[in-house]
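Asker: attaching a predicted model along with its sequence, questions to come.
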Amino acid sequence: MISLAFSRPLPAVSTTVPGMALLVLCALLPAIARAAGPPPAPVVVAVALEQELAPMVWVTGDVISRHEARVPAEVAGRLEWVVDVGDQVKAGGILARIDAGPLRLQREESAAEIEGVEARLDFLQREVKRLRRLAKSNNAAQTLLDQTVSELNAEQARLASARARLHQVEDRIRRSTVRAPFAGVIMARLRHPGEWVDAGMEVVHLLDTGELEVRAMAPLAARPFLAPGMSLRLKSGDDEATGTLRALVPAGNARSHLMDLRLDFQNPGWTVGQVLEVAVPTAAARRVLTVPRDALVLRRSGITVYRLTADGGAERVAVRTGLAQGPYIEVIGELRPGDRVIVRGGERLRPGQKVKVIDEARPADRG
């Protein structure tokens with residue numbers, strides 16, 4: 001057995017009044033901390049707003065070009081050169097060249113004919129002047145004068161016709177160079193160098209990738225709620241944009257009961273052929289109370305919103321949701337316009353818990 005020996009006796013625990021108070025205080029500290037509650041929770045708040053919202057239906061649309069053409073040849077001939085697929089061309093740029101050799105020969109022929117007619121006219125004009133002098137004293141000369149004047153008039157008509165034919169040939173020579181009616185990119189070569197083309201035969205497929213629009217088919221029942229110039233939401237996956245309704249065809253297909261919508265938009269990432277969705281109103285807009293979607297706290301027991309109280313606490317308010325548009329959603333409950341609701345940091349709050357506002361989101365930040 002081991003025995004312990006002490007040289008001096010251990011000091012006795014003080015049982016005086018100050019010592020007892022210290023022990024009681026240490027025992028009460030956890031209870032005091034629990035009564036004080038957790039520290040204020042950092043939150044971001046936003047203001048509940050009244051807005052005009054309308055029920056929407058999402059319809060399928062796609063991005064198309066406002067200008068697309070299968071550019072034809074305007075004269076017949078053999079193709080000498082055709083632009084390559086993928087090349088960018090400006091308005092008026094050369095798309096193809098057609099052999100204009102036969103047309104140039106026709107131009108030379110017409111020019112020679114004009115020279116001959118002009119020479120004949122010069123002779124007849126001088127002959128008319130001579131015969132007019134003789135006709136004053138010689139009746140026979142008068143008859144010859146009338147005949148010469150008639151020939152002069154006929155040659156003048158021949159000259160006008162020859163000049164018109166020359167202009168036509170020169171115009172066909174100009175048209176032997178196929179030019180772009182608008183700026184764009186070559187989507188396809190429909191004919192190749194060496195092939196014979198007739199007037200009207202398609203040569204290249206040209207697409208304008210600069211001026212794009214959205215085409216969508218909307219329910220005909222939405223016609224009363226649509227008007228040119230109004231803004232509609234567009235989305236493709238997670239990418240969203242705002243489109244401006246440029247035109248609509250106020251007549252639907254007899255079978256589908258859909259009408260054609262065309263919208264202008266600004267999104268440089270979207271290309272021709274891209275599929276997207278368009279939000280189309282299906283009823284008149286009505287004024288409702290809205291909060292940001294992030295303000296909703298979803299639980300099995302229901303949907304709630306935390307409202308900031310005057311003393312810096314968080315008050316839980318049960319709500320029902322209604323219409324939604326963009327980042328906002330309609331709420332129905334004990335909320336009023338101007339109430340400050342918590343949009344960040346409310347997931348772990350308890351009713352009555354103190355909060356510390358670290359930021360206040362503005363409507364423009366979520367527009």
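Answerer: Right, received. Where do you want to start?
Asker: how much space between the residue most central in space within the chain and residue 231?
Answerer: The centre of the chain sits closest to residue 265, judged by Cα atoms, centre = their mean, with a distance of 2.3 Å. Distance, residue 265 to residue 231, using Cβ to Cβ, to the nearest Å: 10 Å. C-beta here means a position set from N, CA and C on the backbone, and glycine is covered the same way.
Asker: list residues touching both of these two?
Answerer: 242-244 (Cβ atoms under 8 Å, 6 or more residues apart in numbering).
Asker: can you tell me which of these has the most neighbours?
Answerer: Using other Cβ atoms under 10 Å as the neighbour test, the shared contacts of residue 265 and residue 231 are led by residue 243, with 24 neighbours.
Asker: what's across from the residue nearest to the centre of the chain in the sheet?
Answerer: With DSSP bridges applied, residue 265 shows beta-bridge pairing to residue 243.
Asker: can you pull the buried residues of stretch 176-196?
Answerer: 176-180, 182-187, 189-191 (16 or more other Cβ atoms under 10 Å).
Asker: wait, stretch 74-88
Answerer: Neighbour-count burial for stretch 74-88 [16+ other Cβ under 10 Å]: 74-77, 79, 82-83.
Asker: and the longest helix along the chain, what other elements does it pack with?
Answerer: The residue-count maximum for a helix in the chain (DSSP state H) belongs to helix 139-175. In terms of contacts (3 or more Cβ pairs under 8 Å, 6 or more residues apart in numbering; DSSP states H and E), helix 139-175 is packed against helix 101-134.
Asker: quick check: angle from the helix it packs on to helix 139-175?
Answerer: 160 degrees (axes from the mean of the first three to the mean of the last three Cα atoms, to 10 degrees).
Asker: what comes up buried for helix 101-134?
Answerer: Result for helix 101-134 [16+ other Cβ under 10 Å]: buried residues 103, 106-107, 110, 113-114, 117, 120-121, 124, 127, 131.
Asker: for the stretch 151-300 of the chain, just list every one of the strands.
Answerer: Ranges of strands within the stretch 151-300 of the chain are 177-179, 184-189, 196-197, 202-207, 212-219, 231-236, 239-248, 258-265, 275-281, 286-292, 296-299, based on DSSP state E, counting those that start in this stretch.
Asker: who touches the fourth one?
Answerer: Outside strand 202-207, the residues within contact range by Cβ under 8 Å, 6+ apart are 65, 67-73, 79, 82-83, 89, 95-96, 178, 180-182, 184-191, 197, 272.
Asker: on that earlier part again, and which of the buried residues of stretch 74-88 is nearest residue 51?
Answerer: residue 83 (52.1 Å; Cβ to Cβ).
Asker: Provide a list of residues in contact with the closest one.
Answerer: 89, 94-96, 186, 189, 204.
Asker: which of those sit farthest apart?
Answerer: 94 and 189 (13.9 Å).
Asker: per-residue confidence at the nearest residue to residue 170 once chain neighbours are set aside?
Answerer: What sits nearest to residue 170 in space, not counting adjacent residues and going by Cβ to Cβ, 6 or more residues apart in numbering, is residue 107, at 6.3 Å. Note on residue 107: pLDDT of 91.
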